[in-house]
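K.L.:
sequence and predicted structure are below.
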There are 2 protein chains.
Amino acid sequence: MPIDELDGRLIEMFTAEPRVGVLEASRRLGVARGTVQARLDRLSRDGVIAGFGPEIDPAALGYGVTAFVTLQLRQAGGHDPVARRLAQVPEVIEAHTITGPGDMLCRIVARSNTDLQRVIDVLVDVAGVERASSVISLATQIPYRTLPLVREAAGRRSGPGQNDGPPPR
Amino acid sequence: MPIDELDGRLIEMFTAEPRVGVLEASRRLGVARGTVQARLDRLSRDGVIAGFGPEIDPAALGYGVTAFVTLQLRQAGGHDPVARRLAQVPEVIEAHTITGPGDMLCRIVARSNTDLQRVIDVLVDVAGVERASSVISLATQIPYRTLPLVREAAGRRSGPGQNDGPPPR
DNA sequence: AAATCACTGCACAATCTGTACAGTAAGCCG
DNA sequence: CGGCTTACTGTACAGATTGTGCAGTGATTT
């Protein structure tokens, strides 16, 4: 089991209030500062916490339109050359190779629906791309999140208050 | 224009090395500390920087399988009730309503392909869900990123060194 | 010309971080 | 069972950082 309940609470706290420092976190969690530091170090070392970078909102940058594009590639050549070219396009936010009839799934953003057309055209123009079919995100019902997963992995169920008693002796 | 070149460099720096503080950042950028603080405040206030929370890697938590599931919903009832139920499922990392033949696109994770089956079954069991078709992510060719977008929005082209001269007088 | 805005440079108190060390409780192993 | 290792606590101290305020300056706006 990669993380325990204290790790979970730690991650929750830093997610909710990134500004709290190690010291404040230790106070709130009721553990020694060194413990919090050690935990944080371990979580970072193990890759559970990938980083603390700023989360950028593309919409606030003017890229309010999100779409998912499924690409079909020419068989010859493989995925990698295509991926490298896609990586050159700033509007390509993410790309996966996938199972099924499509070969790659990309998440892209654009300034407007008109601009989206331009971006898609760029993708289609990439050498190796045979066909592209895209769906536009109308609304984000569940924004990207990992907290429920963390709670799950930490051994607690999603809903708070379900398992808050002291651990059995 | 939401952000300028200094904002861009600031974001780049904090993305690359989140541990550098305001003071260190001001030194590296060659501006006053107050400037960095003011910029950061503004970027946060404008929503460009949504937060500084820890980035959690689901794979490190044991959820190594990622899939994208397109849901078709029963017409009656709308999306929201479904979204609320999906939100109860920890493995649902993200969900959008979309254009096209499908109604919702979800990103989900699972511990294994077998576990993925379980998660998908949970989704299909959600009231209002008619059908689900899923594709598995085989490899992440481009991990989620926003830096190229930031550079673009900051008025610089993606490739470094292309437009680094002083701005025209 | 007056006002506004963004940035610089400086200062100070309060706080936090990095780091180290000793003591203790708990689990593991031969 | 004794010995060892690991994790956590509590404490300490120097050095660095943050929050905050203020005055001065150049550029832009009204």
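P.N.:
Here it is on my side, so go on. Treat the numbers as computed from the prediction; the structure is a model and nothing was measured. Residues are numbered from 1 along each chain as shown, chains lettered A, B, ... in the order given.
K.L.:
low-confidence stretches in chain A?
P.N.:
Residues of chain A meeting the criterion pLDDT under 70: A:1, A:156-169.
K.L.:
let's see that with 90 instead.
P.N.:
A:1-2, A:76-78, A:155-169 (pLDDT under 90).
K.L.:
show me it divided up by domain.
P.N.:
Dividing chain A into domains by automatic domain parsing, as the record does, gives the ranges A:5-53, A:58-136.
K.L.:
quick check: end-to-end length of the first one?
P.N.:
Counting by Cα to Cα, to the nearest Å, you get 24 Å between the two ends of domain A:5-53.
K.L.:
likewise the last one?
P.N.:
Between the start and the finish of domain A:58-136 there is a gap of 15 Å, counting by Cα to Cα.
K.L.:
hang on, isn't A:Arg151 packed against B:Pro90?
P.N.:
Yes - A:Arg151 is within contact range of B:Pro90, at 6.9 Å (criterion: Cβ atoms under 8 Å). To be clear about C-beta, it is placed using only N, CA and C from the backbone, and glycine gets the same treatment.
K.L.:
buried residues in the lengthiest strand in chain A?
P.N.:
For chain A, the strand that runs over the most residues, judged by DSSP state E, is strand A:129-142. The neighbour-count check on strand A:129-142 (16 or more other Cβ atoms under 10 Å in any protein chain shown) flags A:129, A:132, A:134-137, A:141-142 as buried.
K.L.:
phi, psi of the most centrally placed residue in chain A?
P.N.:
For chain A, the residue nearest the mean C-alpha position is A:Tyr144 (6.0 Å; Cα atoms, centre = their mean). Dihedral angles of A:Tyr144 (phi, psi; degrees, to the nearest 10) stand at phi -50, psi 130.
K.L.:
skipping adjacent residues, who's closest to it in space?
P.N.:
B:Glu94 (4.7 Å; Cβ to Cβ, 6 or more residues apart in numbering or on different chains).
K.L.:
now A:Leu23
P.N.:
A:Arg33 (5.6 Å).
K.L.:
do A:Pro148 as well
P.N.:
The shortest distance from A:Pro148 to any non-neighbouring residue, by Cβ to Cβ, 6+ apart, is to B:Pro90 (3.6 Å).
K.L.:
what's around that neighbour, how many residues?
P.N.:
Residues lying near B:Pro90 (other Cβ atoms under 10 Å in any protein chain shown) number 21.
K.L.:
my guess is it meets A:Glu152, correct?
P.N.:
Yes - using Cβ under 8 Å, B:Pro90 is in contact with A:Glu152, at 4.4 Å.
K.L.:
who's in contact with stretch A:39-52?
P.N.:
Applying Cβ atoms under 8 Å, 6 or more residues apart in numbering or on different chains, the external contacts of stretch A:39-52 come out as A:2-3, A:6-7, A:10-11, A:18, A:22, B:18-19, B:52-57, B:59-61.
K.L.:
out of those, which touch DNA strand D?
P.N.:
Of the residues in the contacts of stretch A:39-52, proximity to DNA strand D by Cβ under 7 Å from any atom of the strand holds for A:Leu6.
K.L.:
tell me the buried residues within the contacts of stretch A:39-52.
P.N.:
With burial judged by 16+ other Cβ under 10 Å, the buried subset of the contacts of stretch A:39-52 is A:3, A:7, A:10-11, A:22, B:18, B:52-54, B:56-57, B:60-61.
K.L.:
out of those, what pair is the most spread apart?
P.N.:
Maximum pairwise distance among the buried ones among the contacts of stretch A:39-52 (Cβ to Cβ): 22.0 Å, between A:Val22 and B:Leu61.
K.L.:
re earlier: now, which of the contacts of stretch A:39-52 lie within strands?
P.N.:
If you go by DSSP E, those have B:55-56 in strands.
K.L.:
hmm, back to that, hmm, who's touching the longest strand of chain A?
P.N.:
With contact meaning Cβ under 8 Å, 6+ apart, strand A:129-142 is reached by A:65-74, A:82, A:102, A:108, A:113, A:116, A:120, A:123-124, B:79-80, B:83, B:86-87, B:92-100, B:102, B:104-106.
K.L.:
ok, that strand: who's next to it in the sheet?
P.N.:
strand A:65-73 (antiparallel), strand B:92-98 (antiparallel) (DSSP bridges).
K.L.:
ok now that strand, how far from the chain's centre?
P.N.:
The chain centroid and the centroid of strand A:129-142 are separated by 17 Å under Cα atoms, centre = their mean, to the nearest Å.
K.L.:
now do stretch A:103-112
P.N.:
15 Å.
K.L.:
in it, what's buried?
P.N.:
Here stretch A:103-112 shows A:103-111 as buried, counting by 16+ other Cβ under 10 Å.
K.L.:
show me the two of these that sit farthest apart.
P.N.:
A:Asp103 and A:Arg111 (27.0 Å).
K.L.:
which residues are in contact with stretch A:23-36?
P.N.:
A:6, A:9-10, A:13-14, A:20, A:22.
K.L.:
buried residues in that stretch?
P.N.:
Those would be A:25-26, A:31, A:35-36, for stretch A:23-36 by 16+ other Cβ under 10 Å.
K.L.:
compute the first-to-last residue distance for it.
P.N.:
End to end - Cα to Cα - stretch A:23-36 spans 8 Å.
K.L.:
so is that stretch next to DNA strand D?
P.N.:
Yes - contact of stretch A:23-36 with DNA strand D (Cβ under 7 Å from any atom of the strand) involves A:30-35.
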